[in-house]
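Peer 1: Got a predicted structure plus its sequence, pasted below:
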Amino acid sequence: MRTGTLKQILLITDGCSNQGEDPASIARIIAEQGITVNVIGILEETQTEESQGLNEVEEIASNGQGVSQIVYKQALSQTVQAVTKQAMNETLQGVVNKELQQILGNTRSMDELPPEQRGEVMEVVDELGETCDLEVLVLVDTSASMTNKLPTVQEALIDLSISMNARIGRSRFSIYQFPGRRKPIHQLVDWTSKLESISSIFAKISTGGVTPTGPALKEAMHQFGKKSLKRRLFHNEYTDVEEA
Amino acid sequence: MNTQMLKKPDISFYKGQIITGKWHKKTYHVVRKLGSGAIGTVYLCVCNNVQVALKVSKQSHSITSEVNVLKVLKKVQGHRLGPSLIDVDDYVHRNGYVYSFYVMEYISGEPLSQFVNRHGEEWLYSLLVGFLKDLQALHNEGYIFGDLKMENLIVSRKPARLRWVDVGGTTLVGRSIKEYTEFYDRAYWQAGTRKADPGYDLFALAMVVLRIYYPQGFERGNNPKKTLMQKTSMAIKHTGIRQLINKMLNGEMIEADIVKNELIYYTMKQNRSRTQQVNTKQHTRHDSVVYPMMEVLSILSISGLCYLYVAIFM
Ligand SMILES: Nc1ncnc2c1ncn2[C@@H]1O[C@H](COP(=O)(O)OP(=O)(O)O)[C@@H](O)[C@H]1O
């Protein structure tokens, strides 16, 4: 079974958007392009999970066909990799369910099979999760309140690359911050398979007051688009990624 | 699909509730909750007068994954790797959602840390010998335990035996570790990758040993490897065992059998040296009585010599 490359945007934020388009509706459009939008909301020590301000997190992820999680910064590393893996798993289950529907007729998904038969289907999902290629565009909110959390974010991203590189399939990452100086987003790390070597990427960021999450997501989607366009133009160098 | 996943509520059973499976129609009486973790909740239940453990979760695919592993473990003959699998079914809740569950052997016993505290450190190592044998059998099947940690280790009795209860992290060799806990994770300590190989389990096992000495755990620090070395040398007095633990942490140990053999060697030696130790203790007690007298004598004799020296040569 071919799955091509799984594409995800991972949004890491600690508050509500306050500028530009509604991020949830942008996420909906991104999901239509086959890109999953996952969101991690970081809580302050003083906040509880029911706090206002992070309501948006679940809304964006559900529209983006992705996974969301709200955590304190201590738990960020484990959460980042768990969310990424869970989203991969769900996407792949979606793919497998579609295949099953073709074989078994409509309205059949894995969960409706008798338990005895689920095992084999799960093995297929596991296998795909291990071998498929993955691209994650990480979008980090660097508004003022995030400043003290950025070292932890970086650590979590390095940890994500360690987890994903343990797979058989290829993984690539790029990191953007928002808002950028004059643009909605600003590139910090171009597509790379290893984040272990990056050193204090968030060091020289001047953090501002606005959180334009919607425009940032829109721009992130365009970055994914540009990449495949570039790939088409320089077909030879990139064939391995697209066809793998 | 994902939106649905998010909205599906968590599930909990109450004491005395009767659970009937949708497919196999077996019934289970809930006795009490045993514990809950990242994936689901485990309940002690009774079915046909037999105590069993039932694990239920809203993530049906995780249940299916764990069932797959339990089926593999079943194939390993002569070894009691994890609990044995009894039933797999679905529970249809009144809210209309379907929750997958599986039923396994109930492993009664006490947590490893508690057992070692009550019975002494020597038990830790003799339990580990048996456990390493089981671990080797699992590795021979091409699987890595993955999420090896204190909470998942139970000492069952008659005979005392270290068993593991959570198979959620079990991963095929060569794949990426499915589930891990930071304190026991090789990559977290910058001591290797998160790819499943026997060394991954042996690292985690060494961390389990350290956790006995440091029940609250400890921070990674700026130099994680150095932290591990320091903590090991502060906790483990026996040189041979300390070196063995260090080798497990460094990635020099890649086979459970070899660790087991070294452990047998050192624990046997330790018993011998312990009898010696007891003897030396008696000696020192003896010495301490004799010692002040010797001291006085030697001071007297040195001053006496000096006196003689001065008297004769000056
Ligand atoms: N077969 C069993 N027999 C006895 N106790 C069990 C058994 N399975 C699980 N438990 C208890 O339930 C707790 C939680 O189960 P676990 O499988 O670890 O959940 P999770 O995978 O969600 O973390 C365990 O720590 C253990 O104490």
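Peer 2: Okay, I see it. Residues are numbered from 1 along each chain as shown, chains lettered A, B, ... in the order given.

Peer 1: For the closest residue to A:Ile201 other than its chain neighbours, report the pLDDT, please.
Peer 2: In space, and not counting its chain neighbours, A:Ile201 is closest to A:Leu188: 4.7 Å by CB to CB, 6 or more residues apart in numbering or on different chains. C-betas here are computed from N, CA, C, even on glycine. Per-residue pLDDT puts A:Leu188 at 90.

Peer 1: Over to B:Thr20?
Peer 2: Reading off the model, B:Thr20 has pLDDT 97.

Peer 1: which residues sit in contact with the residue of chain A found nearest chain B?
Peer 2: In chain A, the residue that lies nearest chain B is A:Ala166 (3.7 Å; CB to the nearest CB). A:Ala166 makes contact with B:Arg175, B:Ser176, B:Ile177, B:Ala187, B:Thr193, B:Arg194, B:Lys195, B:Ala196, according to CB atoms under 8 Å, 6 or more residues apart in numbering or on different chains.

Peer 1: Considering only the residues you listed, which also neighbour chain A?
Peer 2: Near chain A, judged by CB under 8 Å from any CB of the partner chain, the entries from the contacts of A:Ala166 are B:Arg175, B:Ser176, B:Ile177, B:Ala187, B:Thr193, B:Arg194, B:Lys195, B:Ala196.

Peer 1: OK, contacts around residue 113?
Peer 2: Reading this off chain A. A:Leu100, A:Val121.

Peer 1: my question was about chain B
Peer 2: B:Ser113 touches B:Met150, B:Arg211, B:Ile212, B:Pro215, counting by CB under 8 Å, 6+ apart.

Peer 1: Look at A:Val136 and give its secondary structure.
Peer 2: strand (DSSP: H, G, I helix; E, B strand; the rest coil).

Peer 1: Tell me how many other residues crowd it.
Peer 2: For A:Val136, the tally of surrounding residues (other CB atoms under 10 Å in any protein chain shown) stands at 27.

Peer 1: I'd assumed A:Thr84 was in contact with it.
Peer 2: Yes. Counting by CB atoms under 8 Å, A:Val136 touches A:Thr84, with 6.5 Å between them.

Peer 1: Which of the helices and strands in chain A ranks last by mean pLDDT?
Peer 2: helix A:235-243 (a mean of 43; mean pLDDT, DSSP states H and E).

Peer 1: how many neighbours does the residue of the stretch 1-150 of chain B found nearest the ligand have?
Peer 2: At 1.6 Å from the ligand, B:Gly37 is the closest residue in the stretch 1-150 of chain B, using CB to the nearest ligand atom. Applying other CB under 10 Å, we find 16 residues neighbouring B:Gly37.

Peer 1: what's the answer for A:Glu32, then?
Peer 2: A:Glu32: 10 neighbours (other CB under 10 Å).

Peer 1: Could you check how far it is from A:Thr147?
Peer 2: For A:Glu32, the distance to A:Thr147 equals 34 Å [CB to CB, to the nearest Å].

Peer 1: my guess is the residue nearest to A:Ile201 contacts A:Phe178, does it?
Peer 2: No. The pair A:Leu188 and A:Phe178 does not pass the contact test of CB under 8 Å, sitting 10.5 Å apart.

Peer 1: intersection of neighbour lists for these two?
Peer 2: Common neighbours of A:Leu188 and A:Phe178 (CB under 8 Å, 6+ apart) are A:Val140.

Peer 1: Same drill for these two, tell me which one is more crowded.
Peer 2: Just comparing A:Leu188 and A:Phe178: by other CB under 10 Å the higher neighbour count belongs to A:Phe178, 26 against 19.

Peer 1: Could you find the closest non-adjacent residue to that one?
Peer 2: Looking at A:Phe178 with CB to CB, 6+ apart, the closest residue is A:Ala216, at 3.7 Å.

Peer 1: give me phi/psi at the one you found?
Peer 2: phi -60, psi -40 (degrees, to the nearest 10).

Peer 1: can you pull out the helices in the stretch 201-314 of chain B?
Peer 2: B:224-235, B:239-250, B:256-313 (DSSP state H, counting those that start in this stretch).

Peer 1: what do you get for chain A?
Peer 2: A:23-32, A:55-63, A:76-104, A:115-131, A:150-165, A:213-233, A:235-243 (DSSP state H).

Peer 1: Now render the ones you listed as TSV, adding distance to A:Lys183.
Peer 2: Conversion of the helices of chain A to TSV gives the following (distance: least, CB to CB, whole Å):
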stretch	distance to A:Lys183
helix A:23-32	16
helix A:55-63	21
helix A:76-104	25
helix A:115-131	34
helix A:150-165	20
helix A:213-233	7
helix A:235-243	25
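
Peer 1: just so I know, which of these lies nearest B:Asn95?
Peer 2: B:Asn95 sits nearest to helix A:55-63 of all these, at 19.3 Å, using CB to CB.

Peer 1: Residues contacting that closest one, please?
Peer 2: A:11, A:13, A:16-17, A:23-25, A:27-28, A:31, A:37-41, A:67-68, A:70, A:213, A:217, B:2-3, B:6.

Peer 1: ok so, going back, let me have the helices of chain A in TSV, adding distance to the ligand as columns.
Peer 2: Output for the helices of chain A, formatted as TSV (distance: least, CB to the nearest ligand atom, whole Å):
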stretch	distance to the ligand
helix A:23-32	29
helix A:55-63	22
helix A:76-104	13
helix A:115-131	16
helix A:150-165	18
helix A:213-233	33
helix A:235-243	35
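
Peer 1: so which of those helices gets nearest B:Leu127?
Peer 2: Across the helices of chain A, closest to B:Leu127 is helix A:76-104 (CB to CB), at 28.6 Å.

Peer 1: what angle do that closest one and helix A:55-63 make?
Peer 2: 30 degrees (axes from the mean of the first three to the mean of the last three CA atoms, to 10 degrees).

Peer 1: what comes up buried for helix A:76-104?
Peer 2: A:76-97, A:100 (16 or more other CB atoms under 10 Å in any protein chain shown).

Peer 1: do the same with stretch A:156-173
Peer 2: Applying 16+ other CB under 10 Å to stretch A:156-173 flags A:156-167, A:169-173 as buried.

Peer 1: measure it end to end?
Peer 2: By CA to CA, to the nearest Å, the extent of stretch A:156-173 from end to end equals 13 Å.

Peer 1: Give me the neighbour count for the residue nearest to A:Phe178.
Peer 2: 31.

Peer 1: hmm, stretch B:85-98 in reach of chain A?
Peer 2: Yes. Using CB under 8 Å from any CB, stretch B:85-98 reaches chain A at B:Val88, B:Asp89, B:Asp90, B:Val98.

Peer 1: Would you agree the third one falls within a helix?
Peer 2: No. The assignment for B:Asp90, made by three-state DSSP, is strand rather than a helix.

Peer 1: So the nearest residue to it once chain neighbours are set aside, which state does it fall into?
Peer 2: Excluding its sequence neighbours, the residue lying closest to B:Asp90 (CB to CB, 6+ apart) is B:Lys22, at 4.3 Å. Under the three-state scheme (three-state DSSP), B:Lys22 adopts coil.

Peer 1: What degree of burial does residue 63 show, as a neighbour count?
Peer 2: In the absence of a named chain, this looks at chain A. Neighbours around A:Asn63, by other CB under 10 Å: 21.

Peer 1: meant chain B, my bad for not saying
Peer 2: By other CB under 10 Å, 26 other residues sit near B:Ile63.
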